[in-house]
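In: From the sequence below, what's the structure:
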Amino acid sequence: MASGPSTIKMSFELVLLPVADVDRARRFYTSLGWHRDIDHSAPNGIQIVQFTPPGSAGSIMFGKNITTAAPGSLQGLHLIVEDVAAARADLLSRGIAVSELFHDEGGIFHRVGPEGRSSGPNPERKSYASYASFNDPDGNGWVMQEITVRLTAELKPTDTYFSPQLLKAALAMGDEQSGS
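Out: Next up is the predicted model:
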């Protein structure tokens, strides 16, 4: 059995989003300023609507008869942004209800609920550490995460872009994968 990283290129590009009302969802995602790629109804009762966020290679698709998932059941869908405060302000200007900025007290990943979250962006604006969240009308949950510098295989213990907890976890994973 093969082990190690795959050499086959794969690109994750589509999430099926369960919604109860296609027209309401279409209006919501249009109001976000996302590009509508497809809007098609077939005679067999299938309807598909696909949107892509600005600058994204990945898209969402919703409609009729395309998923059995319960409307609103997707949580933790991440939108990566360079400036979470600016992204939040943009959504607010579009009439979207968005949480206040927050960061995780542990410095590794945001918590599902408010416990362990602190108000405001990460005090040092470390990459991967500041968030805001919002829901679509069905309750599907989105998290905007600020990433200014990407984690790489060339991490050093002295890197200052990431929270100490995230850096430690990433370095440990790198040691584990290299067999050190």
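In: Just give me the neighbour total for R26.
Out: Applying other C-beta atoms under 10 Å, we find 17 other residues in the vicinity of R26. In this view, the C-beta of every residue, glycine as well, is placed from N, C-alpha and C.
In: so what's it closest to, chain neighbours aside?
Out: In this structure, R26 finds its nearest non-sequential neighbour in V49, 5.5 Å apart by C-beta to C-beta, 6 or more residues apart in numbering.
In: list the contacts for E82?
Out: E146, I147, T148 (C-beta atoms under 8 Å, 6 or more residues apart in numbering).
In: Quick check: beta-bridge partners of the first one?
Out: For E146, the beta-bridge partners under DSSP bridges are V81, S130.
In: Distance of it relative to L166?
Out: Note on E146: its distance to L166, by C-beta to C-beta, to the nearest Å, is 13 Å.
In: Neighbour count: these two, which is higher?
Out: Per other C-beta under 10 Å, whichever of E146 and L166 has more neighbours is E146, with 25 against 22.
In: Who are the contact partners of the more buried one?
Out: Contact partners of E146, counting by C-beta under 8 Å, 6+ apart, are V81, E82, D83, V84, P121, R125, S127, Y128, A129, S130, Y131.
In: what about the residue nearest to G141 when sequence neighbours are not counted, distance to D104?
Out: Take G141 and drop its neighbours on the chain: the residue closest to it by C-beta to C-beta, 6+ apart is Q75, 4.1 Å away. Distance, Q75 to D104, using C-beta to C-beta: 16 Å.
In: Please identify which of the two sits among more neighbours.
Out: Applying other C-beta under 10 Å to Q75 and D104 shows that D104 carries more neighbours, namely 20 against 13.
In: got a list of what the closest residue in space to the more buried one that isn't next to it in sequence touches?
Out: Among residues not flanking D104 along the chain, H110 sits closest, at 5.1 Å (C-beta to C-beta, 6+ apart). By C-beta under 8 Å, 6+ apart, the contact set of H110 is F102, H103, D104, R117, Y131, V143, Q145.
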